[in-house]
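Participant: pasting the sequence and the predicted coordinates here, then a few questions.
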Amino acid sequence: MLNLSNLKLNDHAQMNKIVKIHIIFFMAIISMSSRAQVIDSEKGNYVEILPTDSRDEIIRKAANVKPDTRQMAWQELEFTAFICFGINTFTDREWGTGKENPEIFNPIGLDARQWCKVAKNAGMKLMLLTCKHHDGFCLWPSEYTDFSVASSPWKDGKGDIVKDLADACKEFGLKLGVYLSPWDMNSPIYGTDEYNGFFINQLTELLTNYGPVAEVWFDGACGEGPNGKKQVYDFESYYQTIRKLQPSAVIAIMGPDVRWVGTESGYGRATEWSVVPVGQKEQQKIIENSQNEIDSGIFIPTGDRMQKDLGSREKIIDAPALIWYPSEVDVSIRPGWYYHESQDSQVKTPEKLVDIYYSSVGRNSLLLLNLPPDKRGLIHENDIENLMGMKKIIDETFRVNLAANSRIKCKKSLTAIEVESLIDGDYNTYWMADEVTPGLEFALDGKKTFDRLLLQEKITLGQRVERFKLEAMINGNWKLITEGTTIGYKRLLRFSEVTTDQVRLTVLQSRAKSALAEFGLYKSPDGI
Ligand code: FUL
């Protein structure tokens, strides 16, 4: 450090030198702290918008928001299973009361291996279990309440469904997710500060006793407890507990990592941005949009509360900050979330499930499909049949990429990363044009007939494409086949059969140079 006391104040030259050194020193500190600010306000999956940012700067920032590691791992799961099971299965209700007698819970044929086998065969990658629904009944023997499987006749009160499922997941190579309803109609301390501690204790049991957990799901549905009180949830502490105990788990819905698409119909948005204004995370809004029916226990679907567009230029321009907050589409294979014998003939058909697949996985979302076990504790035969019907159609469609052996022509490309990456079937390799709106011509390996387009952006670099089109050469002219807006992790488009040996993909608008990972043309069986 400079010692100012040794200064001869009349020594102007020396004084000037010292002042200069000080100025440089302070400027270095200022520039270091403003750099720290930039780093702080641009943390990968979060970016602050400053009042001084121009429109172009905001778009540049949006184009560079990226998923974090856990969000990326979750996105790649694509298709996951929801297992809504509990006391409601035995009361034939959708919502319980918290006053049920545990004696009624006896799924004598329960086989979590069957659930996993079905899911695995269907191509699902994760099992999300309602460990505790709004009624408060726990599917594991929680130390903190008697309202659980431990008080039921099932396995003489010695069973643990979370353990059965965790073991089966390991055996079948599936990930485990836990749904723990913050709302608890049974807990006498619900509506008090103490409840937050109780909830964290239950969360801790689930996150320490069953091995790795990949997703924690907090429902937005939230009502009164047994004493008529509403709870003020200490979500921050819940999140800290999860980050500490299972750092790779995403926290979904009432959480910071995964966004509820806003409908329980299985249909996501045609324009689906994973980069949205930070306000989308506001819990009060999520609660208001969730299922709110309280008394009858009869299923009243949430309905469609989703707005058409969350992340277009118009939506992000006034946001205080932008976040990576990807969409999850949850839907049940039956009308209800829980099993009801009366709905055995209303299982969604394979065709309907395929339509849902295109409208969720095919729209930059993850599909969480509910397969509610019945009173035996098994996924019903009708559900398995239709699910496998869906799988057969999807498999047949996407078996062969008809563009795989194309010769690709583009004006320019980055030499380091080849354009062939687009058709190598490997999501990790990508092609980035050196212009924002590139066009690519694919000379197919002979004449091909197709009716499906697959596009994937390499989202670890950000989601950028805003508009694209596909054309085919028909009788010597380029003819528009299909067009779309966002791509994101995966975009699937359906159109009527086309036969050609040449197609052209054009990015019409993009927030920055886009990194395209995959391009595919496919033929569905019978246009389904
Ligand atoms: C809703 C709940 O109220 C339903 O019972 C179900 O759990 C569904 C997944 O979320 O908000």
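Facilitator: Right, received. Where do you want to start? Numbers count the residues shown, from 1 in each chain.

Participant: what's the neighbour count on the residue of the chain found nearest the ligand?
Facilitator: Per C-beta to the nearest ligand atom, A221 is where the chain lies closest to the ligand, at 3.4 Å. Where C-beta positions appear, they are placed from N, C-alpha and C, glycine not excepted. The number of residues packed around A221, counting by other C-beta atoms under 10 Å, is 20.

Participant: not counting sequence-adjacent ones, nearest residue to P525?
Facilitator: Leaving aside its chain neighbours, P525 sits nearest to E396 (4.8 Å; criterion: C-beta to C-beta, 6 or more residues apart in numbering).

Participant: does that neighbour touch Y522 like I think?
Facilitator: No: applying C-beta atoms under 8 Å, one finds E396 not in contact with Y522, separated by 9.3 Å.

Participant: of these two, who's got more company?
Facilitator: Set side by side, E396 and Y522 show more neighbours around Y522, with 20 against 15, by other C-beta under 10 Å.

Participant: could you find the closest non-adjacent residue to the more buried one?
Facilitator: Leaving out its chain neighbours, the residue that sits closest to Y522 by C-beta to C-beta, 6+ apart is R452, at 4.1 Å.

Participant: hmm, P525 and that neighbour touching each other?
Facilitator: No: contact criterion C-beta under 8 Å: R452 and P525 do not qualify, at 10.9 Å.

Participant: so the residue nearest to P525: helix, strand or coil?
Facilitator: Classification of E396 by DSSP: H, G, I helix; E, B strand; the rest coil places it in helix.

Participant: distance-wise, check it relative to R452.
Facilitator: 11 Å (C-beta to C-beta, to the nearest Å).

Participant: same check, this time on G223
Facilitator: 43 Å.

Participant: more neighbours, those two?
Facilitator: Ranked by neighbour count (other C-beta under 10 Å), G223 and R452 place R452 first, with 21 against 16.

Participant: find the residues that touch each one of R452 and P525.
Facilitator: T397 (C-beta atoms under 8 Å, 6 or more residues apart in numbering).

Participant: run through who's touching the helix or strand hosting D164.
Facilitator: Assigned by DSSP states H and E, D164 falls within helix 161-172. Residues outside helix 161-172 that contact it (C-beta under 8 Å, 6+ apart): 83, 85, 110, 112-113, 115-117, 119-120, 127, 129, 131, 139-140, 149, 174-176, 178, 206, 209-211.

Participant: cross those against strands and list the overlap.
Facilitator: 83, 127, 129, 131, 175-176, 178 (DSSP state E).

Participant: report the two of those residues separated the most.
Facilitator: Across those, no pair lies farther apart than C131 and K175, at 14.9 Å, counting by C-beta to C-beta.

Participant: make sure E471 is indeed in a strand.
Facilitator: Yes: under three-state DSSP, E471 falls within a strand.

Participant: go ahead and confirm it touches N477.
Facilitator: No: proximity of E471 to N477 does not meet the contact threshold set by C-beta under 8 Å, at 9.2 Å.

Participant: more neighbours: which of these two?
Facilitator: More crowded of E471 and N477, by other C-beta under 10 Å: E471, with 21 against 8.

Participant: quick revisit: checking the residue of the chain closest to the ligand next. Helix, strand or coil?
Facilitator: Assignment for A221 (three-state DSSP): coil.

Participant: and the pLDDT for it?
Facilitator: Looking at A221, its pLDDT is 82.

Participant: what is the burial count for T271?
Facilitator: 18.

Participant: check the one 10 residues further on too.
Facilitator: Summarising burial for K281: neighbours were counted as other C-beta under 10 Å, giving 17.

Participant: contact partners for it?
Facilitator: 256, 259, 323, 325.

Participant: can we see that at 10 Å?
Facilitator: 254-257, 259, 321, 323, 325 (C-beta atoms under 10 Å, 6 or more residues apart in numbering).

Participant: cool, I83 as well?
Facilitator: I83 touches 112, 115-116, 119, 127-131, 139, 161, 165, 177, 179, 370-373, 379, counting by C-beta under 10 Å, 6+ apart.

Participant: look up how far T485 lies from K61.
Facilitator: Counting by C-beta to C-beta - K61 and T485 are separated by 20 Å.

Participant: more neighbours: which of the two?
Facilitator: Set K61 next to T485 and count neighbours by other C-beta under 10 Å: K61 wins out with 22 against 18.

Participant: ok, and the closest non-adjacent residue to the more buried one?
Facilitator: V47 (4.7 Å).

Participant: so the one you found is in which element?
Facilitator: strand 46-48.

Participant: tell me how far that strand is from the chain's mean position?
Facilitator: Relative to its chain's centre, strand 46-48 lies at 19 Å (C-alpha atoms, centre = their mean, to the nearest Å).

Participant: the stretch 51-200 of the chain against the ligand: which residues are in contact?
Facilitator: 84, 94-95 (C-beta under 6 Å from any ligand atom).

Participant: try it again with 8 Å
Facilitator: Near the ligand, the residues belonging to the stretch 51-200 of the chain are 82, 84, 94-95, 130, 133-134, 179, 181 when assessed by C-beta under 8 Å from any ligand atom.

Participant: D111: neighbour count?
Facilitator: Counted with other C-beta under 10 Å, D111 comes out at 16.

Participant: OK, contacts around it?
Facilitator: Contacts of D111 (C-beta under 10 Å, 6+ apart): 117, 164, 168, 373, 376-379.

Participant: check those and tell me the two furthest apart.
Facilitator: Between any two of the contacts of D111 (C-beta to C-beta), the greatest distance is 16.1 Å, for A168 and R376.

Participant: looking at those two now, which is surrounded by more residues?
Facilitator: More crowded of A168 and R376, by other C-beta under 10 Å: A168, with 21 against 16.

Participant: next one, pLDDT for the residue nearest to S342 when sequence neighbours are not counted please.
Facilitator: Ranked by C-beta to C-beta, 6+ apart and with sequence neighbours excluded, the top spatial neighbour of S342 is D92, at 8.0 Å. Turning to D92, the model gives it a pLDDT of 97.

Participant: who are the contact partners of the spatially closest residue to T208 that is not a sequence neighbour?
Facilitator: Closest residue to T208 apart from its sequence neighbours, by C-beta to C-beta, 6+ apart: L245 at 5.9 Å. Residues near L245 by C-beta under 10 Å, 6+ apart: 203-204, 206-208, 213, 216.

Participant: now with 7 Å?
Facilitator: 204, 207-208 (C-beta atoms under 7 Å, 6 or more residues apart in numbering).

Participant: one step back: pLDDT for the contacts of D111 - can I get that in a markdown table?
Facilitator: Output for the contacts of D111, formatted as a markdown table (pLDDT from 0 to 100):
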| residue | pLDDT |
| --- | --- |
| K117 | 98 |
| D164 | 99 |
| A168 | 99 |
| P373 | 99 |
| R376 | 98 |
| G377 | 98 |
| L378 | 99 |
| I379 | 99 |
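
Participant: from those, which ones fall inside helices?
Facilitator: 117, 164, 168 (DSSP state H).

Participant: let's verify the residue nearest the centre of the chain: helix, strand, or coil?
Facilitator: For the chain, the residue nearest the mean C-alpha position is E328 (4.1 Å; C-alpha atoms, centre = their mean). Assigned state for E328: strand (three-state reduction, three-state DSSP).

Participant: what do you get for I356?
Facilitator: Taking three-state DSSP, the label given to I356 is helix.

Participant: tell me which residues touch it, please.
Facilitator: Here I356 is in contact with 266, 331, 367 (C-beta under 7 Å, 6+ apart).

Participant: try it again at 6 Å.
Facilitator: G266 (C-beta atoms under 6 Å, 6 or more residues apart in numbering).

Participant: now do W115
Facilitator: Residues counted as contacts of W115 (C-beta under 6 Å, 6+ apart) are 83, 379.
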